[in-house]
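Trainee: What follows is a protein structure lacking sequence information:
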């Protein structure tokens with residue numbers, strides 16, 4: 001073998017990178033361990049308190065033994081990641097700063113933290129739990145976040161917050177307390193799946209985020225379940241809203257989206273103790289437009305559709321709410337068919353004058369209060385269903401008129417409208433109402449089964 005080949009072989013041998021190492025880190029030694037670490041190393045935190053803030057500027061894995069805690073000391077971000085492909089797994093992170101202006105967080109992912117994995121962590125007492133500030137293709141999975149419910153709602157941070165984080169997936173997390181469970185703005189191609197939210201304002205607060213999916217989530221006992229706003233081409237499917245106070249689902253300037261398989265169960269349990277109800281003393285949410293003197297039997301509105309266009313709502317179940325669907329502000333070219341409206345005090349509130357047919361291809365919706373016949377046995381009622389009439393409009397405009405609901409004059413008006421359909425001033429009609437409930441109640445989800 002020639003000397004030249006020997007030299008090249010030796011150069012290749014020495015060019016092989018050193019294998020990744022696992023370094024045990026004692027309390028107080030994390031900064032020094034970061035300085036000594038090489039790309040790919042695993043830093044394992046030993047039990048005890050590891051003071052923050054911690055800064056990860058290198059691609060590595062940070063994990064911990066039970067009893068190890070990263071404590072931000074109430075200042076700034078408890079843990080900051082600026083390097084790509086970092087893995088944060090099995091950490092307990094506490095006590096970030098409390099400045100909303102500076103967006104203090106337990107875990108702060110800077111723009112350089114592309115493809116970072118945040119998995120199986122426990123975050124307590126941070127203003128924002130996890131904040132992805134511009135890092136793409138991040139995975140945030142199976143974390144448990146307990147927010148700052150000791151603050152007024154306007155002073156709290158969100159459980160998980162995303163800004164301009166394309167391709168990020170938020171899966172299987174549990175968020176309790178704080179302001180919103182997930183708040184996302186100005187992003188695209190995101191997935192929010194199988195998360196659970198309790199004791200927050202909005203379970204998912206969604207703004208200017210297109211071409212994304214919200215599926216399989218559970219919102220229970222919050223102000224609003226899913227507030228989907230200013231976004232296009234979304235898939236919102238198989239989510240559950242249970243006992244949420246104001247709205248189960250809010251569509252505001254949401255366009256060209258598929259809304260299917262969602263369950264809104266508005267019936268309140270006997271005792272409502274979730275954060276944000278009247279019993280908690282929270283006064284930061286505006287009152288809704290329901291009659292405040294009427295006894296509350298459930299969620300204010302299963303669905304509020306405000307200036308949302310070209311959407312397809314199919315296979316959803318809206319039950320136990322004060323209003324099944326409040327439809328307003330010029331929402332046009334939506335398809336609403338194959339849904340079940342069950343035991344809502346008012347099935348539909350629509351105050352426009354246009355005539356809308358809520359059916360598609362000869363198939364409408366199921367209405368639990370529709371006392372109809374099906375003489376030909378085709379599963380479609382023999383007469384169209386109209387959820388509202390002139391009397392409803394009068395009562396919406398003049399709530400005091402409820403005192404006259406059982407009067408002979410009101411009954412005569414309703415009889416005349418039934419005999420002469422031309423008296424109806426427009427509004428919602430289901431020309432092919434279903435005789436049986438088309439929406440089967442789902443089996444418990446992964447998040448419902450979690451303790």
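Mentor: Thanks, I have it. From a predicted model like this one, the values you see are computed outputs, not experimental measurements.
Trainee: Quick check: the gap between residue 387 and residue 53.
Mentor: Distance, residue 387 to residue 53, using CB to CB, to the nearest Å: 56 Å. To be clear about C-beta, it is placed using only N, CA and C from the backbone, and glycine gets the same treatment.
Trainee: Likewise for residue 92?
Mentor: Going from residue 92 to residue 53 by CB to CB gives 15 Å.
Trainee: just residue 85 next, same as before
Mentor: For residue 85 relative to residue 53 (CB to CB), the value is 21 Å.
Trainee: neighbour count winner among these two?
Mentor: Per other CB atoms under 10 Å, whichever of residue 85 and residue 53 has more neighbours is residue 53, with 18 against 15.
Trainee: Next, the contact list for that one, please.
Mentor: 72-73, 75-80 (CB atoms under 8 Å, 6 or more residues apart in numbering).
Trainee: now the residues you listed: which count as buried?
Mentor: 72, 76-80 (16 or more other CB atoms under 10 Å).
Trainee: between those residues, which is nearest residue 307?
Mentor: Distance to residue 307 across these (CB to CB) is lowest for residue 77, with 37.3 Å.
Trainee: How confident was the prediction at that closest one?
Mentor: pLDDT, residue 77: 97.
Trainee: Kindly reformat the contacts of residue 53 as JSON lines containing distance to residue 237 and secondary structure.
Mentor: Output for the contacts of residue 53, formatted as JSON lines (distance: CB to CB, whole Å; DSSP: H, G, I helix; E, B strand; the rest coil):
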{"residue": "72", "distance to residue 237": "37", "secondary structure": "coil"}
{"residue": "73", "distance to residue 237": "42", "secondary structure": "coil"}
{"residue": "75", "distance to residue 237": "42", "secondary structure": "coil"}
{"residue": "76", "distance to residue 237": "39", "secondary structure": "coil"}
{"residue": "77", "distance to residue 237": "34", "secondary structure": "coil"}
{"residue": "78", "distance to residue 237": "35", "secondary structure": "coil"}
{"residue": "79", "distance to residue 237": "34", "secondary structure": "strand"}
{"residue": "80", "distance to residue 237": "35", "secondary structure": "strand"}
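Trainee: Just the closest of the residues you listed to residue 429, please.
Mentor: Scanning these for proximity to residue 429, where the rule is CB to CB, the winner is residue 77, at 54.8 Å.
Trainee: I'd guessed that closest one sits against residue 110; true?
Mentor: No - with contact defined as CB atoms under 8 Å, residue 77 does not count as touching residue 110 (9.6 Å).
Trainee: So, low pLDDT: which residues of this structure?
Mentor: Along the chain, segments meeting pLDDT under 70 span 1-18, 269-297, 329, 389-426, 442-451.
Trainee: Tell me if residue 32 really is in a helix.
Mentor: Yes - assessed by DSSP: H, G, I helix; E, B strand; the rest coil, residue 32 belongs to a helix.
Trainee: For it, list the residues it contacts.
Mentor: Per CB under 8 Å, 6+ apart, neighbours of residue 32: none.
Trainee: just residue 437 next, same as before
Mentor: 317, 340, 342, 366, 368.
Trainee: Residue 218 and residue 239 touch, don't they?
Mentor: Yes - Residue 218 is in contact with residue 239 according to CB under 8 Å; the separation is 7.4 Å.
Trainee: need the buried ones among the contacts of residue 53 in a markdown table with distance to residue 248, can you?
Mentor: Putting the buried ones among the contacts of residue 53 into a markdown table (distance: CB to CB, whole Å) gives the following:
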| residue | distance to residue 248 |
| --- | --- |
| 72 | 35 |
| 76 | 37 |
| 77 | 34 |
| 78 | 34 |
| 79 | 35 |
| 80 | 37 |
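Trainee: Pick the one among those residues closest to residue 64.
Mentor: Of the buried ones among the contacts of residue 53, the one sitting nearest to residue 64 (CB to CB) turns out to be residue 79, at 11.5 Å.
Trainee: Enumerate every residue touching the closest residue to the closest one other than its chain neighbours.
Mentor: Leaving aside its chain neighbours, residue 79 sits nearest to residue 54 (4.7 Å; criterion: CB to CB, 6 or more residues apart in numbering). Residue 54 sits next to 30-31, 34, 70, 78-80 when contact means CB under 8 Å, 6+ apart.
Trainee: for residue 36, same thing?
Mentor: So residue 36 contacts residue 23 (CB under 8 Å, 6+ apart).
Trainee: Distance of it relative to residue 68?
Mentor: In terms of CB to CB, residue 36 sits 19 Å off from residue 68.
Trainee: wait, doesn't residue 167 sit right on residue 139?
Mentor: No - look at residue 167 against residue 139 with CB under 8 Å: they stay out of range, at 9.6 Å.
Trainee: So the residue lying closest to residue 48 once chain neighbours are set aside: helix, strand or coil?
Mentor: Nearest non-adjacent residue to residue 48, counting by CB to CB, 6+ apart: residue 27, 3.4 Å away. Under three-state DSSP, residue 27 falls in the coil class.
Trainee: Surely residue 27 touches residue 52?
Mentor: No - using CB under 8 Å, residue 27 is not in contact with residue 52; the gap is 11.9 Å.
Trainee: So between those two, which is more surrounded?
Mentor: Higher neighbour count among residue 27 and residue 52: residue 52, with 24 against 15, using other CB under 10 Å.
Trainee: State the number of residues packed around residue 319.
Mentor: 23.
Trainee: Could you do residue 22 as well?
Mentor: Neighbour tally, residue 22, other CB under 10 Å: 10.
Trainee: now residue 358
Mentor: 26.
Trainee: Residue 218 and residue 239 - which one has more neighbours?
Mentor: Of the pair residue 218 and residue 239, residue 239 is the one with more neighbours under other CB under 10 Å, namely 28 against 23.
Trainee: show me what contacts residue 204?
Mentor: 180-182, 184, 192, 195, 197, 214, 217, 219, 225-228.
Trainee: How much space separates it from residue 436?
Mentor: On the measure of CB to CB, residue 204 and residue 436 end up 31 Å apart.
Trainee: Distance of residue 381 relative to residue 180?
Mentor: In this structure, residue 381 and residue 180 are 41 Å apart, going by CB to CB.
Trainee: Looking at these two, which is more packed in?
Mentor: For residue 381 versus residue 180, neighbours defined as other CB under 10 Å are more numerous around residue 180 (27 against 22).
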